[in-house]
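Asks: sequence plus predicted model, see below.
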Amino acid sequence: MSSKKDLWSVKFNTASLVLIPAAVGINYIGKLIAQVLKLPLWLDSIGTILSAMLAGPIIGAICGAVNNVIYGLTADPISFIYALTSIAIGIVVGLMAKSGWIKNFGKVILAGIIVALVAAIVSTPINIGFWGGQTGNIWGDALYGILTANKFPVWIASFLDEIVVDLPDKIAVLIISYGIFKGLPQKLTVLYNNTDKIEAL
């Protein structure tokens with residue numbers, strides 16, 4: 001079992017620094033695919049989660065934050081505030097990966113559920129503050145409309161609006177990221193400080 005210090009350790013080496021823009025690029029590609037195919041998913045955190053699996057919670061959080069900052073500067077300024085959600089995702093996945101907790105397909109599914117809950121908890125007050133509780137996703141917002149029409153409290157409707165998208169999205173993203181990680185050559189994964197924990201997966 002890793003100590004608390006080990007869990008938060010980080011190497012700002014060349015491999016980690018290269019990983020950050022690569023993760024941002026992967027996030028963009030995932031988001032683009034979801035938009036082009038009109039999927040009821042985000043698919044915009046694959047790079048964040050993969051970087052957290054490889055290099056731990058700090059690098060994962062940095063990748064998530066940088067992704068939102070860049071997207072906020074180039075496409076949608078509201079993305080800045082959602083950096084909080086991306087940071088939370090990177091930290092949670094990084095801690096689970098470094099602990100050796102994500103060790104088989106079943107646990108990857110469970111990790112996806114946990115990450116979805118964390119993302120929904122962090123995003124819900126942001127959604128309420130900026131969008132009246134909606135997410136901008138047609139599937140989630142349809143549920144939100146039904147719930148509010150039936151007099152559900154806004155915070156419940158908003159949370160369910162978010163989780164109905166986050167749950168399948170984060171499970172799918174964890175599976176995709178895990179599959180990519182498993183396919184990476186050992187010569188690459190050993191460059192990161194938590195490979196001794198994940199290599200046993």
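Replies: That came through, no problem.
Asks: and the closest residue to residue 94 other than its chain neighbours, how many neighbours?
Replies: With sequence-adjacent residues excluded and distances taken as Cβ to Cβ, 6 or more residues apart in numbering, residue 94 is closest to residue 57, at 2.9 Å. In short, each C-beta sits where N, CA and C put it, glycine included. Residues lying near residue 57 (other Cβ atoms under 10 Å) number 23.
Asks: swap in the one 10 residues further on?
Replies: If you count neighbours by other Cβ under 10 Å, residue 67 ends up with 29.
Asks: again with the one 5 residues further on
Replies: The burial metric for residue 72, expressed as a neighbour count using other Cβ under 10 Å, is 16.
Asks: then the one 3 residues further on?
Replies: Neighbouring residues of residue 75 were enumerated by other Cβ under 10 Å; the total is 11.
Asks: then residue 181?
Replies: 19.
Asks: return the set of buried residues in the longest helix along the chain.
Replies: Taking DSSP state H as the criterion, the chain has its longest helix at helix 154-183. Buried positions in helix 154-183, judged by neighbour count with 16 or more other Cβ atoms under 10 Å: 154, 157-174, 176-178, 180-181.
Asks: strands along this structure, start to end?
Replies: In the chain, no strands are defined using DSSP state E.
Asks: make sure residue 43 is actually in contact with residue 173.
Replies: Yes. Counting by Cβ atoms under 8 Å, residue 43 touches residue 173, with 6.4 Å between them.
Asks: any residues in contact with both of these two?
Replies: residue 30 (Cβ atoms under 8 Å, 6 or more residues apart in numbering).
Asks: chain center to the longest helix of the chain, what's the gap?
Replies: Per Cα atoms, centre = their mean, to the nearest Å, the displacement of helix 154-183 from the mean C-alpha position of its chain is 8 Å.
Asks: packing partners of that helix?
Replies: Counting contacts by 3 or more Cβ pairs under 8 Å, 6 or more residues apart in numbering; DSSP states H and E, helix 154-183 packs against helix 46-55, helix 105-131, helix 138-149.
Asks: compute the inter-axis angle for the first one and helix 154-183.
Replies: In other words, helix 46-55. Put simply, helix 46-55 runs at 60 degrees to helix 154-183, going by axes from the mean of the first three to the mean of the last three Cα atoms, to 10 degrees.
Asks: helix 46-55 to helix 105-131, inter-axis angle?
Replies: 130 degrees.
Asks: contacts only, for residue 64.
Replies: 45, 48, 83, 85, 86, 87, 89, 90.
Asks: name the nearest of those residues relative to residue 124.
Replies: residue 85 (9.9 Å; Cβ to Cβ).
Asks: show the pLDDT at that closest one.
Replies: Looking at residue 85, its pLDDT stands at 98.
Asks: try residue 38
Replies: Residue 38 carries a pLDDT value of 84.
Asks: tell me how far it lies from residue 138.
Replies: Distance from residue 38 to residue 138, counting by Cβ to Cβ, to the nearest Å: 9 Å.
Asks: the two: which is more packed in?
Replies: A count of neighbours by other Cβ under 10 Å puts residue 138 above the other of residue 38 and residue 138, at 10 against 7.
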